[in-house]
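*Asks:* Sequence and predicted structure, then a few things I'm wondering about:
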Amino acid sequence: MSPAPHDRWVFHQGEFVRAKDVGLGPGTQGLHYGTGVFEGIRSYTAAEGGESLLFKVREHYERLHASCRLLRLDLPYSTGELVDVTRELIIRNQLDCDAYIRPLVYKLALEPGTPFGVRLSGVSTSVTILALPMGDYSRTEGIRCGVSSWRRVPDASLPARAKITGAYANNALAVDEATAAGFDDAIMLNQRGTVAEASTANVFVVHSGRVATPGPDSDILLGLTRAAVMRILADEADITVGERTIPRSELHTADEVFLTGTGCQIVPVVEIDGRRIGDGTPGPITTRVREVYRQAVRGADPRYRHWNTPVGLKSRVNAA
């Protein structure tokens with residue numbers, strides 16, 4: 001059994017410490033200005049049992065490094081070192097279950113000689129990584145979404161390809177509006193009025209067996225689950241996903257709509273703005289992608305084993 005939340009191990013400023021012993025000063029720059037970046041990473045219990053598998057962990061940490069460069073954050077660990085820290089964190093917390101890992105890199109304090117103000121240079125960097133149990137939290141039968149009146153922040157104003165902490169106030173406003181109206185999630189349009197993404201997920205639409213998703217020029221985060229789904233569709237159904245502009249009206253006329261993200265995984269959308277999608281149940285393409293993805297993350301599909309990184313629970317147990 002994993003430790004209680006306050007007793008969980010976290011990696012903070014170069015050390016493994018208990019969560020209750022982590023403290024942030026009131027002058028933490030990332031807290032004041034949202035100048036931080038993060039990733040969300042999943043680990044899954046392997047299909048054969050006895051081991052946990054990190055899913056696309058190297059790709060996540062490579063993206064984290066790219067995000068850090070945008071905000072001039074000094075991330076002193078290589079991708080390989082971050083993977084090793086993550087393995088150790090899962091083992092220390094006894095997470096022999098599906099889990100979620102959150103690495104966070106953020107501006108800490110003004111360096112000597114740096115004048116007060118909002119800035120990226122002359123500010124030190126801190127790194128914190130936490131891990132916690134997390135199973136499926138989306139509904140198999142599908143969710144209801146509303147198109148938000150809040151528009152996605154454009155890439156020209158805040159880089160969409162980075163998971164910047166301050167940017168997620170935009171997502172929070174959209175989710176709050178959607179849930180207040182009785183929906184499960186929000187779909188956000190970009191400043192041009194075409195589909196961008198959901199609150200924390202990419203959007204796919206299906207018309208007569210053809211699949212499309214908004215492209216990089218639609219102010220989206222280029223999701224790693226999104227990329228995995230595009231590979232699965234190519235392998236499983238010989239479908240090449242079209243990356244293109246998707247008008248809002250296309251959501252309402254689609255045969256299927258589904259969302260993809262590390263946290264939510266693959267989620268069927270069965271209603272948008274009170275309009276039923278298809279027959280109001282998860283469609284065949286969504287269902288098949290979901291099934292293959294679930295096999296892939298647990299190492300049960302040999303085509304995608306290169307996406308899995310073993311944590312090393314087996315070897316640690318044997319050594320003990």
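*Replies:* Perfect, thanks for sending it. Numbering: from 1, shown residues only.
*Asks:* ok, and the closest non-adjacent residue to residue 114?
*Replies:* residue 122 (3.3 Å; CB to CB, 6 or more residues apart in numbering). C-betas here are computed from N, CA, C, even on glycine.
*Asks:* Tell me who's in contact with the one you found.
*Replies:* Shown in contact with residue 122 (CB atoms under 8 Å, 6 or more residues apart in numbering): 110-111, 113-114.
*Asks:* distance of it from residue 37?
*Replies:* Distance from residue 122 to residue 37, counting by CB to CB, to the nearest Å: 18 Å.
*Asks:* Could you tell me whether residue 258 really is in a strand?
*Replies:* Yes - counting by DSSP: H, G, I helix; E, B strand; the rest coil, residue 258 is part of a strand.
*Asks:* That one - how many residues pack around it?
*Replies:* 30 (other CB atoms under 10 Å).
*Asks:* same check, this time on the one 3 residues further on
*Replies:* Per other CB under 10 Å, the neighbour tally for residue 261 reads 21.
*Asks:* Looking at strand pairing, list the partners for it.
*Replies:* Beta-bridge pairing of residue 261 under DSSP bridges involves residue 265.
*Asks:* Next up, the contacts around it.
*Replies:* By CB under 8 Å, 6+ apart, the residues touching residue 261 are 40, 198, 200-202, 223, 225, 267.
*Asks:* let's see it at 7 Å
*Replies:* 200-202, 223, 225 (CB atoms under 7 Å, 6 or more residues apart in numbering).
*Asks:* By mean pLDDT, point me to the weakest helix or strand of the protein.
*Replies:* Every helix and strand in the chain was compared by mean pLDDT, DSSP states H and E; the lowest is helix 313-319, with a mean of 62.
*Asks:* which residues touch residue 268?
*Replies:* Contacts of residue 268 (CB under 7 Å, 6+ apart): 142, 258, 282, 286.
*Asks:* these two touch, right, the third one and residue 138?
*Replies:* No - using CB atoms under 7 Å, residue 282 is not in contact with residue 138; the gap is 11.2 Å.
*Asks:* per-residue confidence at the residue lying farthest from the centre of the chain?
*Replies:* Each residue of the chain has a distance to the centre, and by CA atoms, centre = their mean the biggest one is for residue 113: 36.9 Å. Note on residue 113: pLDDT of 94.
*Asks:* With that, I have no additional questions.
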